[in-house]
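Student: below: sequence and its predicted model.
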Amino acid sequence: MAGENSAFGRDLRMGMVGGGPGSFIGEIHRKAARMDGGIRLVAGAFSSDPEKSRQTGREQRLDPRRVYGSVAEMIRGELALPQDERIDFVSIVTPNHLHFPVSRDFLQAGFNVVCDKPMTMDVREALALRAIVRKSKKVFALTHNYPGYPMVKLARDMIRQGDLGRLLKIIVQYPQAWLVQPLERRGSKQAQWRTDPKRSGAAGCMGDLGTHAANLAEYVTGLHIREICADLTTFIPGRRIPDDGNCLVRFDRGVKGVLISSQVSIGEENDLAIWVYGQKRSLEWFQENPNELYVRGIEQPVQVWRRGNGYIGVKSPAAARAMRVPFGHPEGYISAFANLYVNIGATIRAALDGVKPDPLALDFPTVDDGVRGMQFLEAVVRSNQLGSKWVKLPKG
């Protein structure tokens, strides 16, 4: 039967805000959401330009009556539909400055929300949104996608199980090169909004990339960043926000670290990577080679754990849940997003059915991770303003 999936029951109905012509992340979300079945895009306000929104609606083969010209129109239109026809959740893939107001309005209207990162423009908005999420009792998910990789989950569970011993040091990096030229002055839509402090935020590359690095470090280790000493630089003349950042980091339990992000590192494509050093072992994971996790011990040969093998599930049920194809077949970026949508969808279905979700399904970033991200960025910017002084992050 159309619209049904034997594994999930009925399809969840997804709406989208943003993701119109020229959007990169909108199409990634659409592909990820539909990868496993069980989620179907049925409505959207894809652009602030109604004609561009209609263009995307046609490309996605949507009912024209459910392609809207604004967020307010979309909320009114969906609420006017019977409960069994309106969207079950909305995915927000707009520039950063719209994340808070759009999330707020959909939550207050009674909809579940999936929001791209960073969650808000500042800590004040993040705390306000967390209060709204808690009051609404709706599912709110933040799409830091890198925890969706199987080997990231394996790394987390190895650390949880004590394989590395007491942790000592964490190094995490996210360098790119794509803004080493002033693309914002050459007509690039993506570069224009990402280098505009009113739409992207004051932290520049730290907001775009550094939040991913911070989230990855906290997710893998289970530690929180407690203090930051940051040095931000704008290398491209005329650019209004930093395009390079270097931080010394103090985590819980006396663990020390280094976090860097850059958009001007020539030769780098998308080189997110993490090294975690413990007293007994260390581990390494590289996003550009995501199917392997390297584990090293003292005077021992290097272990290479490869996804798709049965021994992964023995060590980490969460990693096994995230593996899609047999060993020897690579999987990556969109699959990691899709793993988030699988877990988010399962949690929304459980809420609709009035039951508790499978604990493994709750493995996705939430509003609390969004608050942590904004506290991280606020501390980074403040430290840089103070001449690279140490700045504490709030607890909790």
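Tutor: Structure's in. What do you need? Worth saying up front: this structure is predicted, and the values here are computed from it rather than measured.

Student: how about the contacts made by the spatially most central residue of the chain?
Tutor: The centroid of the chain falls nearest to residue 144 when counting by Cα atoms, centre = their mean (1.3 Å). Residues near residue 144 by Cβ atoms under 8 Å, 6 or more residues apart in numbering: 117, 211-212, 215-216, 219, 365, 369, 373. The C-beta positions use only the backbone N, C-alpha and C, and glycine is treated the same way.

Student: what do you get for residue 20?
Tutor: 26, 46-47, 49, 52-53, 55-56.

Student: turn those into TSV, including neighbour count, pLDDT and secondary structure.
Tutor: Below are the contacts of residue 20 laid out as TSV (neighbours: other Cβ atoms under 10 Å; pLDDT from 0 to 100; DSSP: H, G, I helix; E, B strand; the rest coil):
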residue	neighbour count	pLDDT	secondary structure
26	24	95	helix
46	30	98	coil
47	24	96	coil
49	12	95	coil
52	15	96	helix
53	25	97	helix
55	16	97	helix
56	23	97	helix
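
Student: related to what we said a few turns ago, which one among the contacts of residue 144 gets closest to residue 239?
Tutor: residue 211 (19.1 Å; Cβ to Cβ).

Student: list phi and psi for that closest one.
Tutor: When read as degrees, to the nearest 10, the backbone of residue 211 gives phi -70, psi -40.

Student: which of the contacts of residue 144 fall within helices?
Tutor: Mapping those onto helices (DSSP state H) picks out 211-212, 215-216, 219, 369, 373.

Student: before we move on, the earlier item: need phi/psi at the residue nearest to the centre of the chain.
Tutor: As for residue 144, its main-chain torsions (degrees, to the nearest 10) stand at phi -70, psi 110.

Student: for it, give me the pLDDT.
Tutor: In this model, residue 144 is scored at 97, pLDDT.

Student: and the gap between it and residue 237?
Tutor: Between residue 144 and residue 237 the computed distance is 32 Å (Cβ to Cβ, to the nearest Å).

Student: where do the domain boundaries of the protein fall?
Tutor: Using automatic domain parsing, the domains assigned to the chain come out as 4-138, 148-327+371-385.

Student: give me the below-cutoff pLDDT ranges for the chain.
Tutor: Counting by pLDDT under 70, the chain shows low-confidence ranges at 1-8, 396.

Student: ok, and the closest non-adjacent residue to residue 342?
Tutor: Distance criterion Cβ to Cβ, 6 or more residues apart in numbering; nearest residue to residue 342, sequence neighbours excluded, is residue 36 at 5.6 Å.

Student: check the secondary structure at that neighbour for me.
Tutor: Under the three-state scheme (DSSP: H, G, I helix; E, B strand; the rest coil), residue 36 adopts coil.

Student: what's around the closest residue to residue 92 other than its chain neighbours, how many residues?
Tutor: Leaving aside its sequence neighbours, residue 92 sits nearest to residue 115 (Cβ to Cβ, 6+ apart; 4.5 Å). Neighbours of residue 115 under the rule other Cβ atoms under 10 Å: 28.

Student: so what's residue 115 up against?
Tutor: Residues counted as contacts of residue 115 (Cβ under 8 Å, 6+ apart) are 91-92, 99, 102-103, 140-143, 370.

Student: return the subset of the residues you listed lying in strands.
Tutor: 91-92, 140-142 (DSSP state E).

Student: ranking the residues you listed by neighbours, who comes first?
Tutor: When neighbours are taken as other Cβ under 10 Å, the top entry among those is residue 91 (29 neighbours).

Student: ok, that one - contacts?
Tutor: Residues in contact with residue 91 (Cβ under 8 Å, 6+ apart) are 14-17, 19, 29, 33, 114-116.

Student: also residue 132?
Tutor: Counted by Cβ under 8 Å, 6+ apart, residue 132 has contacts 103-104, 107-108.

Student: check residue 360 too.
Tutor: Counting by Cβ under 8 Å, 6+ apart, residue 360 has contacts 317-318, 321, 343.

Student: quick one: the helices in this structure?
Tutor: 25-34, 50-59, 71-79, 99-108, 123-136, 150-160, 189-194, 197-200, 205, 211-221, 310-315, 317-321, 333-353, 367-385.

Student: residue 304 is nearest to which of the ones you listed?
Tutor: Nearest to residue 304 among the helices of the chain is helix 150-160; the distance by Cβ to Cβ comes to 10.5 Å.

Student: and the closest one, what other elements does it pack with?
Tutor: Secondary-structure packing of helix 150-160 (3 or more Cβ pairs under 8 Å, 6 or more residues apart in numbering; DSSP states H and E): helix 211-221, strand 273-278, strand 281-286, strand 289-297, helix 310-315, helix 317-321.
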